[in-house]
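Student: Curious how this folds, go ahead:
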Amino acid sequence: MSFEKIISCSCFLLVLGNLQAEEVIALSAVEVRTRLENLEGIANAASEGVVSSPRVASVPLLRAGEVLEMVPGLIVTQHAGDGKANQYFLRGFNLDHGTDFATYVAGVPVNMPTHAHGQGYTDLNFLIPELVDRITYRKGPYFAEEGDFSSAGAAHIEYFRQMEAGLAQVTLGGNGYTRSLLAGAPGVGGGNLLYALELFHNDGPWQVPENYRKLNGVLRYSQGTANNGFSVTGMAYQGRWTSTDQLAERAIDRGEVDRFGSLDPNTGGKTFRYSLAADWKQSGGNTQTRLNLWWLRSGLDLWSNFQYCLNDFASTDTCDTGDQFKQGERREAGGFSASHVVFDQWGSFEVSHRIGLQGRVDRLNPVGLYGTRQRDIWTTVREDRVTQRSVSLWLQNETRWATWFRSIQGLRADAYDFAVDANLNANSGNRSDQMLTPKLSLVFGPWRRSEIYLSYGHGFHANDARGTTIRLDPSSGDAVSPVKPLVRTRGHEIGLRTEILPGW
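Tutor: Have a look, this model is predicted:
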């Protein structure tokens, strides 16, 4: 179902008398817009919703990741440089850099499993807010379609298939802030060719300039509509920056450094992300089929220094090498998702049946942790080559038992396989795991444009593959216990959705 329906027509008034046209008046085109942002009668849970492009455009954004703050209750913040993935908070969860909140852009998953810096790492710096058509969000583990990293919620960010007009803009600000954007979507070969190019630079308020440089591009060709048509989308992003990390308060109190100063001017990072995705949808009289294929290549080199000389001094009584370290990875990943829905009638009951299949493969060559000095590696703590595979099957049924009551019941089955080739042989190995996660929502209403929801569901997130095979701490050599590959979560909520007050 389209979340924003646009109807355009050219109207003519024809008055007939004695079988002859007496007058014809041509009227101008009429455009009618209806929004379904509240999803009354459609949503599976009270915490599900849609954010339209006008809402995104109405809010000033400093960082691309702040687009997710359109999701009610989701807080997006930042540390250790603007080129790094944001920090996210939702419903009491410290989501770190994205764990337990699944995010997709143009059909491509953003969360990175077995990441060099953090499990589920969600770097949205490649996002271009001006291209966002809508954000479909869901909170809680109540949706069979959502899998890994979605225990707290999920957001699907869709780009425009076409634009009403081209866009060229330049933004200038203090502290070296410059941003230029060129975008458009001309008609080509019976479809539309969406393009966008973004150049960005910012130094921030720091005494050591952040010098964040971003080069970002999107190219999409599409035909048809969002429900009947196809699109092919390519995205490319590169970024690099210098970060001013946290400082010891006593160093500031002693005047050794300003609060905008730095104790290590070589922390920061560089990253890249290239992706290609194809999406196809076909709607029939009572069916809809969707197929999505995607591929990406990404990399990150992140230099951090939390303690400066604590470890080095403790072991050598000097500060020759310092405590700076690098987390790095090179990744190739690919996957697919396919789903089919049938709308049917069981006697007097309206029903819909949904079935979906999803798969993903990540290959990291390598993913590692290194001791560094001024960004030069002097020791390897650990370095691994990892292959992670997953396949998922999900089923969902919705039955409208009465005009005031419907139920949504779902079941999801996930199977994961991990293969780790570590530089320390004791930490190499293979692990696999499977999990079934049931979902259930009961919806009462609508009464006076209000609905009551009772939702319950199980979810999960996958653990870092290296943690599932580890036997020895690579720093100390101490014996450690591996973690479970898949971790089960549970959620439940009571919710109310109402439009009884106009405008709310």
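Student: Name the strands paired with the host helix or strand of Gly299 and say parallel or antiparallel.
Tutor: Secondary structure assigned from DSSP states H and E places Gly299 in strand 287-304. With DSSP bridges as the test, strand 287-304 is paired with strand 268-283 (antiparallel), strand 325-346 (antiparallel).
Student: got the buried residues for it?
Tutor: Using 16 or more other Cβ atoms under 10 Å as the test for burial, strand 287-304 gives 288, 290-294, 296, 298-304. For the C-beta atoms, the positions are set from N, CA and C on the backbone; glycine is no exception.
Student: just the strands paired with strand 287-304: most buried one?
Tutor: Ranked by mean neighbour count, these are led by strand 268-283 with a mean of 19 (mean count of other Cβ atoms under 10 Å).
Student: Dump it to CSV, restricted to CA.
Tutor: Presented in CSV, the C-alpha positions along strand 268-283 are these (Å, rounded to 0.1, in the frame of the first residue of the first chain):
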residue,chain,number,x,y,z
GLY,A,268,40.3,9.5,13.8
GLY,A,269,39.6,7.3,10.8
LYS,A,270,38.8,6.7,7.2
THR,A,271,36.0,4.6,5.8
PHE,A,272,34.3,3.7,2.5
ARG,A,273,31.1,2.0,1.4
TYR,A,274,30.0,1.0,-2.1
SER,A,275,26.7,-0.8,-2.7
LEU,A,276,24.5,-2.0,-5.5
ALA,A,277,20.9,-3.1,-5.1
ALA,A,278,18.0,-4.2,-7.3
ASP,A,279,14.3,-4.2,-6.2
TRP,A,280,11.3,-5.6,-8.1
LYS,A,281,7.7,-5.5,-7.1
GLN,A,282,4.6,-7.0,-8.8
SER,A,283,1.0,-6.6,-7.7
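Student: tell me how far that strand is from the chain's mean position?
Tutor: 11 Å (Cα atoms, centre = their mean, to the nearest Å).
Student: State the mean pLDDT of that strand.
Tutor: Model confidence over strand 268-283, given as mean pLDDT, is 97.
Student: Stretch 406-425 now?
Tutor: Taken as a whole, stretch 406-425 has an average pLDDT of 97.
Student: buried sites along it?
Tutor: For stretch 406-425, a neighbour-count test (16+ other Cβ under 10 Å) marks 406, 408, 410-412, 414, 416-422, 424 as buried.
Student: repeat for stretch 341-361
Tutor: Within stretch 341-361, the residues that count as buried by 16+ other Cβ under 10 Å are 341, 351-352, 354, 356, 358, 360.
Student: Show me the residue at the heart of this structure, geometrically.
Tutor: Thr103 (2.0 Å; Cα atoms, centre = their mean).
Student: so what's that residue bridging to?
Tutor: Under the criterion used (DSSP bridges), Thr103 bridges to Ala155.
Student: what's the answer for Arg389, then?
Tutor: On the basis of DSSP bridges, Arg389 is bridged to Val361, Asp417.
Student: Next up, the contacts around it.
Tutor: 359-362, 416-417 (Cβ atoms under 8 Å, 6 or more residues apart in numbering).
Student: got a pLDDT number for it?
Tutor: pLDDT at Arg389 comes out at 98.
Student: where does Arg134 fall, helix, sheet strand or coil?
Tutor: What DSSP: H, G, I helix; E, B strand; the rest coil gives for Arg134 is strand.
Student: How about Arg55?
Tutor: In three-state terms, and counting by three-state DSSP, Arg55 is helix.
Student: what's the distance between the closest residue to Asp478 other than its chain neighbours and Pro366?
Tutor: Nearest non-adjacent residue to Asp478, counting by Cβ to Cβ, 6 or more residues apart in numbering: Leu472, 7.0 Å away. Remark: distance between Leu472 and Pro366 (Cβ to Cβ, to the nearest Å) = 18 Å.
Student: more crowded one of those two?
Tutor: Using other Cβ atoms under 10 Å as the criterion, Leu472 and Pro366 rank with Pro366 on top: 18 against 15.
Student: would you list every one of the helices in this protein?
Tutor: Ranges of helices in the chain, per DSSP state H, are 53-57, 249-253, 310-316, 465-469.
Student: Which members of the buried residues of stretch 341-361 are the farthest-apart pair?
Tutor: The two members of the buried residues of stretch 341-361 with the most space between them (Cβ to Cβ) are Val351 and Arg360, at 30.2 Å.
Student: which regions of this structure lie under the pLDDT threshold?
Tutor: Applying pLDDT under 70 to the chain picks out residues 1-38, 40, 312-318, 320.
Student: Let's see that with 80 instead.
Tutor: Applying pLDDT under 80 to the chain picks out residues 1-41, 309-322, 503-504.
Student: about what we covered before: export the buried residues of stretch 341-361 to CSV and tack on distance to Tyr177?
Tutor: Listed next are the buried residues of stretch 341-361 as CSV, based on distance: Cβ to Cβ, whole Å:
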residue, distance to Tyr177
Val341, 46
Val351, 54
Ser352, 49
Arg354, 46
Gly356, 43
Gln358, 40
Arg360, 37
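Student: so which of those residues would you say is closest to Glu198?
Tutor: Closest approach to Glu198 among these (Cβ to Cβ): Arg360, at 27.7 Å.
Student: mind checking how far the closest one is from Trp241?
Tutor: From Arg360 to Trp241 the distance is 29 Å (Cβ to Cβ).
Student: quick one: contacts for Tyr88?
Tutor: 68, 74-76, 95-98, 101, 122.
Student: let's go with 6 Å and repeat that
Tutor: Neighbour list for Tyr88: 76, 95, 101 [criterion: Cβ atoms under 6 Å, 6 or more residues apart in numbering].
Student: Look up the residues forming beta bridges with the first one.
Tutor: Meaning Val76. On the basis of DSSP bridges, Val76 is bridged to Tyr88.
Student: and the nearest residue to Phe272 once chain neighbours are set aside, bridged to which residues?
Tutor: Among residues not flanking Phe272 along the chain, Gln238 sits closest, at 4.8 Å (Cβ to Cβ, 6+ apart). Following DSSP bridges, Gln238 is listed with bridge partners Leu215, Phe272.
Student: how deep is Gln238 tucked in, by neighbour count?
Tutor: By other Cβ under 10 Å, 18 other residues sit near Gln238.
Student: so Met70 makes contact with Val51?
Tutor: Yes: Met70 is within contact range of Val51, at 4.3 Å (criterion: Cβ atoms under 6 Å).
Student: Return stretch 476-487 as PDB; C-alpha atoms alone will do.
Tutor: C-alpha atoms of stretch 476-487 as PDB (Å, rounded to 0.1, in the frame of the first residue of the first chain):
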ATOM      1  CA  SER A 476      46.800 -11.800  28.100                       C
ATOM      2  CA  GLY A 477      46.600 -15.400  27.000                       C
ATOM      3  CA  ASP A 478      44.100 -16.300  29.700                       C
ATOM      4  CA  ALA A 479      41.400 -18.900  29.000                       C
ATOM      5  CA  VAL A 480      38.000 -17.400  28.200                       C
ATOM      6  CA  SER A 481      34.600 -19.000  27.400                       C
ATOM      7  CA  PRO A 482      32.900 -18.500  24.000                       C
ATOM      8  CA  VAL A 483      29.500 -16.800  23.800                       C
ATOM      9  CA  LYS A 484      26.300 -18.100  22.300                       C
ATOM     10  CA  PRO A 485      26.000 -17.300  18.500                       C
ATOM     11  CA  LEU A 486      22.400 -16.100  18.800                       C
ATOM     12  CA  VAL A 487      20.900 -14.300  21.800                       C
END
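Student: Perfect, that will be all.
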